[in-house]
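Peer 1: After the sequence you'll find the predicted model.
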Amino acid sequence: MPGDDGPPGSVSRINSARQPALTAKGALSPRAARKVQDFLHENFTRKLALAEMAAVCGLSPSHFVRAFARTFGVPPHQYVLDLRLDLAERLLADSRMTIADIAHSSGFSSQSHFTTVMKKYRQVTPLQARVGKLNAKIR
C-alpha cells in the first residue's frame, strides 16, 4: 500500500484503499464517496479547487467539506496532501529524479513547499526519506 513503509509515528497517514465511513450522519453517499475518491486519485497531482471537488458530488463547497471529513476522517486538503506525499515517497525510493522534479510530479507548487509539508507531516525531509529508503534497500 502506498505510504505503508513510512516512519513509525507518522502523522495523518491516509490508507488510499481504506473504506469510507458511509454510515456516519452527514457523510457522503456511497456513490458520491466512490466518485470523489476516484476523482482525487486521478487528479491529485494537479491544482484542485474545492469547488471542483464539490461539483463531482453535486454539493456546495461548504457542505462537501463537512461531508467529506465525516466520510474519510480528514478534510479534502489533507487527503490530497497525503496522496501527494505517498507518491513522492515512492518516487524518492524508486527513482533517480531530482527532489525538485519529484515535488513537481507529485503536485507540489515548489521544492520548498514539498520539503515543508513532508517535514510537517512525515517528520523527515525529502532527502532524509530518500537516504533512509536507499539504506533500507541495501540491507
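Peer 2: Arrived safely, thanks for sending. The structure displayed is predicted, hence computed values, not measured ones.
Peer 1: list the contacts for C57?
Peer 2: L28, A32, K35, V36, F64, A67 (Cβ atoms under 8 Å, 6 or more residues apart in numbering). (Each C-beta comes from the backbone N, C-alpha and C, glycine too.)
Peer 1: All the helices of this structure, in order from the start?
Peer 2: Here the chain has its helices, by DSSP state H, at 30-43, 50-57, 61-72, 76-94, 99-105, 111-122, 126-138.
Peer 1: what mean pLDDT would you report for the second one?
Peer 2: It stands for helix 50-57. Averaging pLDDT along helix 50-57 yields 97.
Peer 1: quick one, that helix and helix 30-43 angle?
Peer 2: Relative orientation of helix 50-57 versus helix 30-43 (axes from the mean of the first three to the mean of the last three Cα atoms, to 10 degrees): 130 degrees.
Peer 1: how distant is helix 50-57 from the center of its chain?
Peer 2: 17 Å (Cα atoms, centre = their mean, to the nearest Å).
Peer 1: same deal with the longest one?
Peer 2: Distance, stretch centre to chain centre, for helix 76-94: 5 Å (Cα atoms, centre = their mean).
Peer 1: circling back to that earlier point, which one of the contacts of C57 is nearest R46?
Peer 2: V36 (15.4 Å; Cβ to Cβ).
Peer 1: dump the residue contacts of that closest one.
Peer 2: L28, M53, V56, C57, F68.
Peer 1: got a winner among these for most neighbours?
Peer 2: Within the contacts of V36, most neighbours by other Cβ atoms under 10 Å means F68, with 29 neighbours.
Peer 1: thinking again about what came up before, mind putting the contacts of C57 into a markdown table with pLDDT and distance to R90?
Peer 2: Below are those laid out as a markdown table (pLDDT from 0 to 100; distance: Cβ to Cβ, whole Å):
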| residue | pLDDT | distance to R90 |
| --- | --- | --- |
| L28 | 94 | 27 |
| A32 | 95 | 28 |
| K35 | 97 | 25 |
| V36 | 97 | 23 |
| F64 | 97 | 28 |
| A67 | 96 | 29 |
